[in-house]
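Novice: No letters, just coordinates:
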Ligand SMILES: CC(C)=CC(=O)SCCNC(=O)CCNC(=O)[C@H](O)C(C)(C)COP(=O)(O)OP(=O)(O)OC[C@H]1O[C@@H](n2cnc3c(N)ncnc32)[C@H](O)[C@@H]1OP(=O)(O)O
């Protein structure tokens, strides 16, 4: 895909990789970058050759947050009327396919929030997560107070949000913010490997699984279990369920056809 200035995109097999590419500003998430990211994500979500998406930055920074210099002069009416954050930032939460954040270096403020909007976070061993907005006289505005709290619990979320301190990769793994830690130079390769493994599975089952896990954040346990049961039953209407179970019984690898 051509025409982007602040991101770079490529596909590796059936995995799309979107690289935030504003190195001089540590990938600060300005409006243009977020617009390009949203456009790329929508394109890859519609592309049937793509089964999973990786979002990454550089080895120094996934993203050091929203662009402070761009935000600096904004007024209340301007951010309110523009629906600042909502309009451009939530594209990642609308993607049906699995989205993996491959985080090396700084993931601060909006960078941490962007990673948390993804389905899985793989961290490089040099990753540093934080919500330092309090140091700027504001609070997280892209879901940080909500998603961080759900991920790491109230006490650690308060610790991060009220003091603005950073968490290293090891602490982030212990706190369940990230699924695994790998050497920083291998974070994209590891995420692509994970994406390829998911790409080999049944796409309807993968999309349903993602929807069901996400439902856990939005509903009660009883409603969530009921939802899971309904969509679990629905998957018995797919050819892939027959293929998956036949392949197991016949001791062969399944060949899913995504239907
Ligand atoms: C989503 C919402 C609503 C809010 C937010 O995200 S608010 C932003 C939260 N993030 C931060 O507060 C982090 C700000 N950055 C830093 O604290 C530091 O840059 C650092 C600790 C990440 C790295 O420090 P280092 O000394 O290694 O590098 P710098 O010289 O400070 O930065 C290099 C270069 O990048 C520019 N930069 C960094 N972060 C941002 C940013 N968030 N917005 C705009 N520009 C940023 C920094 O100004 C410098 O550029 P210049 O050399 O041109 O000044």
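Specialist: Good, I have the coordinates. Just so it is clear, the structure is predicted and the values come from calculations on it, not from any experiment.
Novice: Residue 31: what's it in contact with?
Specialist: The neighbourhood of residue 31, defined by Cβ atoms under 8 Å, 6 or more residues apart in numbering, consists of 67, 70, 88. (Each C-beta comes from the backbone N, C-alpha and C, glycine too.)
Novice: Please apply the same query to residue 88.
Specialist: 31, 34-35, 38.
Novice: Next: residue 168.
Specialist: 127-128.
Novice: What separation is there between it and the ligand?
Specialist: 13 Å (Cβ to the nearest ligand atom, to the nearest Å).
Novice: Go through the contacts of residue 31 and say which is closest to the ligand.
Specialist: Using Cβ to the nearest ligand atom, residue 67 comes nearest to the ligand of those, at 4.4 Å.
Novice: Could you point out the longest helix of the protein?
Specialist: Taking DSSP state H as the criterion, the chain has its longest helix at helix 31-46.
Novice: Give me every residue in the protein lying close to the ligand.
Specialist: 25-26, 28, 64-69, 85, 106, 108-110, 113, 132-133, 136, 141-142 (Cβ under 6 Å from any ligand atom).
Novice: From those residues, list the buried ones, please.
Specialist: 25-26, 28, 64-68, 85, 106, 108-110, 113, 132-133, 141-142 (16 or more other Cβ atoms under 10 Å).
Novice: So which of those residues belong to strands?
Specialist: 106, 108 (DSSP state E).
Novice: quick one: which of the buried ones among the residues of the chain next to the ligand sit in helices?
Specialist: Going by DSSP H, the helices hold 68, 110, 113 from these.
Novice: any idea how far residue 242 is from the first one?
Specialist: Per Cβ to Cβ, to the nearest Å, residue 68 is found 54 Å from residue 242.
Novice: Equivalent analysis for the second one, please.
Specialist: In this structure, residue 110 lies at 44 Å from residue 242, with Cβ to Cβ as the measure.
Novice: Could you do the last one as well?
Specialist: Residue 113 sits at a distance of 41 Å from residue 242 (criterion: Cβ to Cβ).
Novice: now the closest residue to residue 11 other than its chain neighbours, what's its secondary structure?
Specialist: Distance criterion Cβ to Cβ, 6 or more residues apart in numbering; nearest residue to residue 11, sequence neighbours excluded, is residue 50 at 6.5 Å. Recorded secondary structure, residue 50: coil (DSSP: H, G, I helix; E, B strand; the rest coil).
Novice: before we move on, what about residue 122?
Specialist: Going by three-state DSSP: residue 122 is strand.
Novice: Point out where the stretch 1-150 of the chain drops to low pLDDT.
Specialist: Applying pLDDT under 70 to the stretch 1-150 of the chain flags the ranges 1-2.
Novice: Would you map the helices across this structure?
Specialist: For the chain, the helices defined by DSSP H occupy 31-46, 68-71, 76-81, 86-89, 110-117, 144-152, 154-163, 169-174, 187-199, 203-215, 221-234, 239-249.
Novice: any idea which of those is most buried?
Specialist: helix 110-117 (a mean of 28; mean count of other Cβ atoms under 10 Å).
Novice: Relative to the ligand, which residue of the stretch 101-250 of the chain is the closest?
Specialist: For the stretch 101-250 of the chain, Cβ to the nearest ligand atom, closest residue to the ligand: residue 109, 2.5 Å.
Novice: what's around residue 123, how many residues?
Specialist: Neighbour count for residue 123, taken as other Cβ atoms under 10 Å: 29.
Novice: I figured it hits residue 172, correct?
Specialist: Yes. Between residue 123 and residue 172 there is a contact at 5.9 Å, judged by Cβ atoms under 8 Å.
Novice: All set now, cheers.
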